[in-house]
Every structure is written in structure tokens, then in C-alpha cells.
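Chemist: Using only what follows, build the 3D model:
(chains A, B and C)
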Amino acid sequence: MEFTIQQIAVMLGGEVQGEGAQTINMLAKIQDAKKGQIAFLSNPKYEQYLYTTRASAVLVKKDFQPKKEFTTTLLLVDDPYSSFTVLLEEYHKLISFQKTGIEQPSFVGENFAVGKNIYRGAFSYIGNNVKVGDNVKIYPHVFVGDDVVIGDNTILHPNVKLYAGTKIGNNCEIHSGTVIGSDGFGFAPQDDGSYKTIPQLGNVVIEDNVAIGANTVIDCATLLGDSTIIRQGVKLDNLIQIAHNVEIGKNTVIAAQAGISGSTKVGENCMLAGQVGIAGHLVITNNTSIGAQAGIGKSVKEEGQKILGSPAFEIKEYFRAYAVFKRLPNLHDRLRELEKKVYQTEAMMEKPLNNGNAER
Amino acid sequence: MEFTIQQIAVMLGGEVQGEGAQTINMLAKIQDAKKGQIAFLSNPKYEQYLYTTRASAVLVKKDFQPKKEFTTTLLLVDDPYSSFTVLLEEYHKLISFQKTGIEQPSFVGENFAVGKNIYRGAFSYIGNNVKVGDNVKIYPHVFVGDDVVIGDNTILHPNVKLYAGTKIGNNCEIHSGTVIGSDGFGFAPQDDGSYKTIPQLGNVVIEDNVAIGANTVIDCATLLGDSTIIRQGVKLDNLIQIAHNVEIGKNTVIAAQAGISGSTKVGENCMLAGQVGIAGHLVITNNTSIGAQAGIGKSVKEEGQKILGSPAFEIKEYFRAYAVFKRLPNLHDRLRELEKKVYQTEAMMEKPLNNGNAER
Amino acid sequence: MEFTIQQIAVMLGGEVQGEGAQTINMLAKIQDAKKGQIAFLSNPKYEQYLYTTRASAVLVKKDFQPKKEFTTTLLLVDDPYSSFTVLLEEYHKLISFQKTGIEQPSFVGENFAVGKNIYRGAFSYIGNNVKVGDNVKIYPHVFVGDDVVIGDNTILHPNVKLYAGTKIGNNCEIHSGTVIGSDGFGFAPQDDGSYKTIPQLGNVVIEDNVAIGANTVIDCATLLGDSTIIRQGVKLDNLIQIAHNVEIGKNTVIAAQAGISGSTKVGENCMLAGQVGIAGHLVITNNTSIGAQAGIGKSVKEEGQKILGSPAFEIKEYFRAYAVFKRLPNLHDRLRELEKKVYQTEAMMEKPLNNGNAER
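Modeler: Next up, the predicted model:
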């Protein structure tokens, strides 16, 4: 990417003070910036860097009054930080969607229906009867199985694997090594102690605006016609396990290495911290917040709870219980001490009674 | 696949009541089924759907007596559900083994000994001196290192990685992204605080009928001639860690995200739930059941135990202890209350004693 | 590899007793060794095998005095075990670095700057402006994004994925399926309950002598110019999660399935056991040892601690507390028993006081 400062000013609705014709090709922090880069000044404690920065342009507040000389060009905006964020996002989009065209060798099966402006990297594999929307980016080593459908503007990073029948919506981003649609873990015990594989014939459906990290696994549903479902806006981190027939509700966020067992339904707007484990066949209601490493063994029915522990319960209660847990040896000592005292007392009490002491 | 109802009747030992010449290409639930599909009726509460279903055929019990008119063809069998399961399995086999032939580009090293009826997907890589049995399916992006041996009827899903020297038996299925034979985690501490890599020269041996999920890792053994061993019938889920020199006994089942450290031997017919962790150099005896997120720090010697906790102990005892743990703040309050009372009592008791009680 | 016993003797500074012209192509244990293999005898209890071994050569101590006849050639050295270790390492290096040349098809972008003696496997992908040192091994299905820099003697096993901008030092080894540079998990909550992706524009820097296991994930830093950093000598096992902006200090060792959240700094020479989880924005000081499955919720400031639990505290205290935890039902019973006694006593005490009973 390369824009003039003037073009950026138009994009942000700002005003140029200096040489607007210079070109910008990168964003940077004000203290690190070099020629050709744009930085921002929001927090006054960084103002010192303005006077020494080598950035070609710096975003500053409209009412900014410099105290010393400087060489950079100013770009005056209402809110330098949020303007910088806008530039970051634009830059990210440019980066993410800059690749187009088809690299060779790549493999395409029969009946490939494909939109405009897509990228298909070298060594990517497209099975039969695949349907892909506009602006889709399929990086190298991606595997797209038969009958897969992918919406518009979706990015599949290198080595994403989509098993046959997977459906993915619009504006999704899936990172490297993630596997979608692998067989659910279903085995029927036999009389001889061995297990028979239960065929896994369903698929995975991922709705719009879903982000999935690297090396995560989402298994397909067991029955033909059934789906493991990731609802719109869900954000999954790396190395997560989503078992067969799970459903994750809208805008739920799940951190790395969490695992959700078969047929569990997680509600909307939930937050699961790292390494959480949820047993199978449960219902976790909306707005549930589950702390790191918690283990969930039964359904959560009341909305808005924060829980922790394995098995998990209300988070403040967990911390209170844990505070006492840490002092258990002390408690135990005190209990023993008390026992001694009480039995002594008892013994003393009993003696007089037994002895029928007169003076009482 | 496409069979006539009459052909399916022969396969199941059933009887056709209606048009046996119609073709079936899919299985479905009775309420969802369409033309060309076969469904089953087992639970009487679904009987209503028989009279409206668009399925071309429905499996029903031999003695089934319809109460209304219907348009579908009946296929009378002894047990509709188990007949449907048989069809599901056949369907699954057809799906799993339907791919044959060689897609290009693919890579094959020297001395490739290969059986009949195999599938090698595009971008699959076969090293030198590899031996592969009949009906093996090697999906795209699979890496098979030098000197690997693979038995008959084994399926390697896209992107499975087999390091050099790996041995895999018959009828195994390994899902995408799983790595077999990577280096064990062995490092010798040096005087300067750094670590020297201990060469990992063994391999991994996987016996017959083993199923392995996606993105799981099984490290090779440390010494030349030694093996990390997965015995016959073992079922491993997704994202599992199996360290160097581990041995997993026959028909043991391990759920997602569990991890087993180096040189530990897990017995036969064990069940490890999700996110279990087992330390190194332990022996877990046969028929041990380990609950979710449990941490195992010492060997389990008595067969048939169920354990939980970190470190783990008998599961019912764990739950009893945990029930008290949740109430620890209350226990602590009660202990303090008791202390107050007992010291008060003691003070009261002591006062008279100290005060020169007459009878002394 | 194939060396004569005489050549090996020169390499180890040892002396041949027997036929030095025989060739050796493999290392083995003395009890398993075959013709063409070399073994060692260090522990006297294995001496019996010397007299029956089929090894072509056996490393023995300089002063070794055989008690019976034998057919193998002896190679006399100061320390047979450490000499064997030297051979193991040499063998490992030979194995690791034996592959050279370029297999086809493989993909290389523009401006590829590459050293001597490298291996690029079939289906490997090199983006634009990539710089690779000498003796680098890039196995099949490796993805190297744009602007990546890789030092000398580094090995990337099959299917390693390096996102654009990743920097890797010298003498590193990264195992299959590991993803480096994927987006950090950053999402800004919006008023409607949805999340907006925060662009992740930094990179990952891996210094020299770093080993990384299979299917591990290291996310890039959030800001342009920032890096997630793995310092020299760090050893990471399989299936580990390293979030954005994390820094792992020199010679720190992390076992499988551990996870470190965003912006946390782990010091030098730390040891993290399996399945450990560390929250974000913490500082773990040097020489900290964290036990398996521990959860770290706050910074560790004092060096040299060993901690355990979730949240973690001093390991011995944890075990003491846990020992009491296991007996909590018993403690609870005893507390109840005491309460009964004390209230009884109190009742007894109060009665006389209240009643002022003299006659007792």
C-alpha cells in the first residue's frame, strides 16, 4: 500500500499541516517511526517524541499546540488514537486481501463454482462440487473437501482442512492447521472389550463473521442431516476442541485450549477462558462466564453467572473456598488443638461428676 | 452409492412391500427424508411421520400394522433400528473407501511397495522405502516419511504426518493434522543453564484397528530400536499428547486434550476423559477410569478404579471432599466460633481454678 | 551412513581390538544388535551379552578384561556410554541433515535469498522476499510466508507454517504442524454484543537454538513493530499455546499442552510442566518452576519458587493443603462432633449458671 498524506487526510476527515504530497507506506509507533511511516500522538507523555520523530506524518488533535520545532508533517484529527485504529484496520484489510489470482500447482475437482477476486495458493486442494463466494482467500496447502460451501470475504490461512460437506459463511477467518469436520469421537463398546466405530455422517456449519484460531478442531455431527454449529460472530482461539453436535451461540468467545464435549449447547455472549473443559450433553445458558481451567459437569441455567473450579461454581465463592483451602493445614492443626482442649475439658468435667465432688 | 430397495432388502434379509425397483442413494430421518432416501420407524411416537414421509422407503418391523394410508415403500425387517445402523455403516464404508486412484501432482520416493486399490491424493508425499497395503487411502497433503509401513484398509485423512520409520497396522483411521513420530521432548541440562538435545531415534508403532482424531501428536521413542506403542483397538480423540516411549494398552479410549508424559504405560480397557494429564514413568493398570481434568502423579496399581482430582484419588471420595471444599468458608466460620466458645469456656474454667478455689 | 570401525575409533579417540575394516551402519543395544551395528558395554550386568552379541563392534572400557570367548570386535575407549552418546548425536545429525537438494513440485516467490546446502521438499511453499541461511532443511508441505528470515542449520519439519514476517534464528528445530505467527486473539466488544477484530500486525521472533514440538501455536504480536519473542535456547513441547506479545526467556523449558496468555513475560531458566495455564499480562521471574496443570493468576516475583495449584502457590504448601483436602469429609465430621460436644458442654455449663444449682 502507498498513499499520500493528503489522501489519508481525506480518508480520516482531517487537515494536513505540512507536506501533504509525501507518501506513506506503513504505520508505526511515534518513537520508532521512520521516513514513509505515519504515527500518532495521543498521550501527552509521548509529546517529546514529536520533536525528534522521523515519521513522515503524525496524527495529532485538532487543537494541538507544539512547544518546539519539528520536521514531520502533522495530520490534525478529532481523535488521533481512533484515527490510527482506522488506519490499522484499513492496513490489515489491505494486507489480508491483497493476494489474488491462482498459483500453480493447485488442484480443483469437478463442478467448482467460484466468485470474483479470489486467491488460490499453490498446493491448495479443492474437491468436487465446491462453491466459493467472492473475495475468498484460499492460502497454500488448504484442503477443501467435496461439497463444501464457503461464503464471501472468507479467509482460509495455510493448511486449513475442511472435510466434505462443511458450510462456512461470509467474512470468516480461519487460521492455519485448523481442522473442520473431522469424525466425532463415537465408539460402541462390544462384548469382547473392543469398540466399534459409530459412523459420523453429519457436517459442520459455521455462520458469518466467525474467527477461528490455529490448530483448533471442530468435529462433524454424528447423524446425516445434523450439524455441529458455530453461530455468527463467534470467536474461537487456538487449539480448541469442539466435539460432535456441539452448538456455540452467537458472539460467544472461547479462549485457547478449551474443550467442549459432544452435544453440549453453549449459549450466546458467553466467555470461556483458557483450558476450560465442558462435559457432554449440557446446556450453558447465555451470558455465562467461565474462568480459566474450570471444569463444567452440569448445565448452567441461570444467566449471567461467573463460575470457576472443577467442578465449577460461583467464582467469588470459589475464591473464598480456595482461600481457606490454602490454610487447610492450619485449620487442621486448630481443629486438633480444639479437640484436645475439648476432650480435656470433657475429661475434667466428667471427673468431678464421676467423683461426685462435694464442694460444688 | 445407489441401490434398489430390493437390493437393500436382500442385504438386510428383509421383505419389500411396495415398489422394490426404486433406487435409494441416501439415508435420512423419517421426518426429513426426501425422494431417493431410506428412513426407519422404530419408536411408535414417530409413526405419524410414516403417513406423510417423502422417503422412497421406510424400514419397519415385520409385524407393523399401518393405521392410515401412505405412499412410501415398506421394507419389513426384524429390528428397523439395527438394520438402519447396518446401512449407516455400509454407507460410511462406501464413503470412506470410494476414493481410488492417484491424483497429480503427488510425490513418491524410491522403492515404493504398494497394494491394490489405493487412493493417493494430490500433494501427498511418499518417502523412500515405504510399504503400503491394500485399500489404503492417503488423502491430499499427507506426508509419509522414509521406511514407513502401513497395513491394509487404513485411512490417512488430509495432512496426516508420519515421520520416518512409523509402523501402522490394518484398519486404522487417522484424522487430519495428526503428527506421528515427532521427536520426544528430551534435553540434557548443561552447566551454563542451556540444554542439549537428546537425539530421539526410536519410532512409533500403531497396531490394528486404532482410530486417532485430528491434531493429535504421538512422539517417537528415544532409543534406536525402541517404540512408542499404541496397541490394537485403541481410540484416541483430538489434540491428545502422547510422549516418547509411552505404551497405550489394547482397547483403551482417550478423550480430547488428554496428555500422557514420557515412558508411562497405560493398561488395557482404560478410559481417560478429556484434559486428563498423566506424569511420566508411571504404570496405569488395566480397567482404570480417569475423570476429566484429573492429574495423575503416581502409578495406579489396583484394577477397576475410578479416579478424579489433581492429584487424583477415588472419584466418590473426591466428590465428597469437594462438597466440603465448597463449604470451607462456612467450616472456617464454625471453627472460629467453636474456638471462641472453647476458649471462653476454658477461661471460665480456669478462672475459678486460678482464683484459689477453696477446695484446692 | 556407513563408517569402518577404524574410522569410528579415530572419531572417538579409541583403539580397535579385532577387525577394524568392517563397516558399521547403525547403533543398537548390545542385546539386540546385529551384524553391521555397534553397541556399548558400560554396566557390568550386561557383560553376558558381549559373549553372544552379533554386533560387529562393541564399545568397552580401556581396561576391560573379557572372561570368555567372543566374536565381535572391541573398540576400547575411556567411557563407553559417553562415546556411544557421541555416536548417537553424530548419527542424529547425519539423519537430520542428510537430505539436500530440491524436490519438485515446490513453490518459490520473488526475491528468494538462500544459503548453501539446503533441502526444500516437494510441496513446500516459499513466499516473496524470504531469506534462508545455510544448511536449512525445509521439509515437504512447509509454508514460509512473505518476508520471513531463517538462520543457518535450522530444520523445519513437514507442514510447519510460518506466517509473513516471522524471524527464526540459527540451529532451531521446529516439528510438524506447528504454526508460528497466527493472529493474536484480540477482539473489541461492540455495543450490540458482537466483537470487532483488532488487527494483529506484529510478528514472531525466535532466537537461536530453540526447539519447538509438533502442533504448537505461537501468535504474532498485536502492534506493527512489536514481536512475540522466544529467546535463545528455549525448548517448547507439543500442543503449546503462546499468545500474542508473550516473551519466553532464555533456556526456559515448557512441557506439552501448556498455555500462556497474551503479553505475559516468562523469565529465564523456568520450567513449566504439562497443561500449565498462565493468565495474561503477568511477569514470571527467572528460575520459576510450575507444576503440572497449575493455573497462574498473578505475577511471580521471587526467584526460584516451585508452585502448584489453580491458582498456584508454593508446591509443598499445596501438597500439605491437598492432603487435608482429601480428608475434608473426616474433618467435617470431627468438627460436627466437636460442635455437638461443645454445645452440650455449654448447655451443661449454662444450666448450673442459670439455675445456680447448688445441689450438684
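Chemist: Tell me where the stretch 251-360 of chain A has helices.
Modeler: With DSSP state H, counting those that start in this stretch as the criterion, the stretch 251-360 of chain A has helices at A:315-326, A:328-355.
Chemist: which one of those helices has the lowest average pLDDT?
Modeler: Set side by side, these differ in mean pLDDT, and helix A:328-355 is lowest with a mean of 80.
Chemist: What are the buried residues along that helix?
Modeler: Neighbour counts over helix A:328-355 (16 or more other C-beta atoms under 10 Å in any protein chain shown) mark A:328, A:331, A:332, A:334, A:335, A:338, A:339, A:341, A:342, A:345, A:349 as buried. Where C-beta positions appear, they are placed from N, C-alpha and C, glycine not excepted.
Chemist: Direction-wise, compare it with helix B:315-326 and give the angle.
Modeler: Using axes from the mean of the first three to the mean of the last three C-alpha atoms, to 10 degrees, the direction of helix A:328-355 lies 90 degrees away from that of helix B:315-326.
Chemist: for helix A:328-355, packing partners?
Modeler: Where contact means 3 or more C-beta pairs under 8 Å, 6 or more residues apart in numbering or on different chains; DSSP states H and E, helix A:328-355 is packed against helix B:328-354, helix C:315-326, helix C:328-355.
Chemist: now the shortest one: how far from the chain's centre is it?
Modeler: To tie it back to what came earlier, the one meant is helix C:315-326. From the chain centre to the centre of helix C:315-326 is a distance of 28 Å (C-alpha atoms, centre = their mean, to the nearest Å).
Chemist: does chain B sit close to that helix?
Modeler: Yes. Judged by C-beta under 8 Å from any C-beta of the partner chain, helix C:315-326 comes into contact with chain B through C:322, C:325, C:326.
Chemist: Just the closest residue of the stretch 101-250 of chain A to chain B, please.
Modeler: Evaluated by C-beta to the nearest C-beta, the stretch 101-250 of chain A has residue A:199 as its residue closest to chain B, separated by 3.4 Å.
Chemist: And for that residue, the neighbour number?
Modeler: With neighbours defined by other C-beta atoms under 10 Å in any protein chain shown, the count for residue A:199 comes to 22.
Chemist: Verify the contact between it and residue B:91 for me.
Modeler: Yes. If you go by C-beta atoms under 8 Å, residue A:199 and residue B:91 touch, sitting 7.0 Å apart.
Chemist: sorry, back to before: now render the residues of helix C:315-326 next to chain B as JSON lines, adding neighbour count.
Modeler: Formatted as JSON lines, the residues of helix C:315-326 next to chain B follow (neighbours: other C-beta atoms under 10 Å in any protein chain shown):
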{"residue": "C:322", "neighbour count": "19"}
{"residue": "C:325", "neighbour count": "20"}
{"residue": "C:326", "neighbour count": "16"}
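Chemist: before we move on, the earlier item: out of the helices of the stretch 251-360 of chain A, flag the one nearest residue B:31.
Modeler: helix A:315-326 (42.1 Å; C-beta to C-beta).
Chemist: residues touching residue A:126, list them.
Modeler: Residue A:126 makes contact with A:106, A:107, A:108, A:109, A:112, A:120, A:132, A:138, A:144, according to C-beta atoms under 8 Å, 6 or more residues apart in numbering or on different chains.
Chemist: The closest residue to the first one other than its chain neighbours: how many residues sit nearby?
Modeler: To tie it back to what came earlier, the one meant is residue A:106. In space, and not counting its chain neighbours, residue A:106 is closest to residue A:124: 4.9 Å by C-beta to C-beta, 6 or more residues apart in numbering or on different chains. For residue A:124, the number of neighbouring residues by other C-beta under 10 Å comes to 29.
Chemist: near chain A too, which of the residues of helix C:315-326 next to chain B?
Modeler: Within the residues of helix C:315-326 next to chain B, those near chain A by C-beta under 8 Å from any C-beta are residue C:325.
Chemist: out of the residues of helix C:315-326 next to chain B, who's nearest residue A:303?
Modeler: Among those, residue C:325 lies closest to residue A:303 (C-beta to C-beta), at 31.5 Å.
Chemist: residues contacting that closest one?
Modeler: A:325, A:328, B:321, B:325.
Chemist: would you turn those into TSV with distance to residue B:182?
Modeler: TSV is the format used below for the contacts of residue C:325 (distance: C-beta to C-beta, whole Å):
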residue	distance to residue B:182
A:325	38
A:328	41
B:321	38
B:325	39
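Chemist: so can I have TSV of the residues of helix C:315-326 next to chain B showing distance to residue C:260?
Modeler: Output for the residues of helix C:315-326 next to chain B, formatted as TSV (distance: C-beta to C-beta, whole Å):
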residue	distance to residue C:260
C:322	25
C:325	27
C:326	30
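Chemist: re earlier: tell me which of the helices of the stretch 251-360 of chain A lies nearest to residue B:211.
Modeler: The nearest among those, by C-beta to C-beta, is helix A:315-326 at 36.8 Å.
Chemist: Enumerate the residues of the stretch 201-350 of chain A near chain C.
Modeler: Close to chain C, as judged by C-beta under 8 Å from any C-beta, the stretch 201-350 of chain A has residues A:209, A:211, A:213-215, A:233, A:235, A:237-239, A:250-251, A:253, A:255-257, A:268-269, A:274-275, A:292-293, A:322, A:325-329, A:331-332, A:335, A:338-339, A:342, A:345-346, A:349.
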